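A.B. asks: sequence unknown, structure follows:
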């Protein structure tokens, strides 16, 4: 039971994290690009330091090589002059400098290898950051398109609501007029109570008229003209 609950909680947390990442995707992309640029900047500083050390080692190696060349020439001159003791001291100094030169050669080689590898890594990182920035531009364009689509969907929803409102108005306006319906009911009641029977009989010429008609008005107007 506890394992099942733990699995469910882990699933809920994962979905929540996914929703947060989706909601703030652009911000997270920009943050990751900034972090990558910071790492690239640190790598460049390290590369600059390696190049500086390599150049320093090369200068010291070149200077040591010149000292060895100079001391070798002097030792040869001392030997030629028969000064074996001084030539021996020079030989000892030359041996020490040659050993140091070997170490400095190895150091220069190691620094050069590190520099080459780090330079290649920096170039690859630089290209990846450029790709990331292009991807971020595309992601922003997609997000804007999604926002526009969301607004369009909202507009469509509003249009549907408008259509529903128009339909309701038409339904209300299409209902029977209660006042007219009341008048019709009154007429029906009068017919049932024979209140209109005398009027209908008078209209057909049976008995005196119960109400004035348009013909009566016209006859009266014609009589006045005479």
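C.D. replies: Structure received. Model, not experiment: these values are computed from the prediction.

A.B. asks: quick check: mean pLDDT across stretch 26-39?
C.D. replies: The pLDDT scores in stretch 26-39 average 85.

A.B. asks: what domains does the record give for the protein?
C.D. replies: 11-173, 179-225 (automatic domain parsing).

A.B. asks: comparing these by mean pLDDT, which bottoms out?
C.D. replies: domain 179-225 - the lowest mean pLDDT of the domains of the chain, at a mean of 63.

A.B. asks: so residue 100 is in which element?
C.D. replies: helix 84-173 (DSSP states H and E).

A.B. asks: which elements pack onto that helix?
C.D. replies: helix 25-80 (3 or more C-beta pairs under 8 Å, 6 or more residues apart in numbering; DSSP states H and E). To be clear about C-beta, it is placed using only N, CA and C from the backbone, and glycine gets the same treatment.

A.B. asks: who does the helix it packs on touch, helix- and strand-wise?
C.D. replies: Here helix 25-80 touches helix 84-173, going by 3+ C-beta pairs under 8 Å, 6+ apart.

A.B. asks: and the helix it packs on with helix 25-80, angle?
C.D. replies: 170 degrees (axes from the mean of the first three to the mean of the last three C-alpha atoms, to 10 degrees).

A.B. asks: give me the number of residues near residue 129?
C.D. replies: Per other C-beta atoms under 10 Å, the neighbour tally for residue 129 reads 16.

A.B. asks: need the nearest residue in space to it, chain neighbours excluded.
C.D. replies: Counting by C-beta to C-beta, 6 or more residues apart in numbering, residue 129 lies nearest to residue 36, which is 5.3 Å off, once chain neighbours are set aside.

A.B. asks: thought that neighbour was touching residue 130?
C.D. replies: No. Residue 36 is beyond contact range of residue 130, at 10.6 Å (criterion: C-beta atoms under 8 Å).

A.B. asks: of these two, who's got more company?
C.D. replies: residue 36 (16 against 10).

A.B. asks: state the distance from the more buried one to residue 122.
C.D. replies: Going from residue 36 to residue 122 by C-beta to C-beta, to the nearest Å gives 12 Å.

A.B. asks: distance check, residue 74 against residue 54.
C.D. replies: Look at residue 74 and residue 54: by C-beta to C-beta, they are 30 Å apart.

A.B. asks: neighbour-wise, which of those two wins?
C.D. replies: Between residue 74 and residue 54, counted using other C-beta under 10 Å, residue 54 has the larger neighbour count: 18 against 15.
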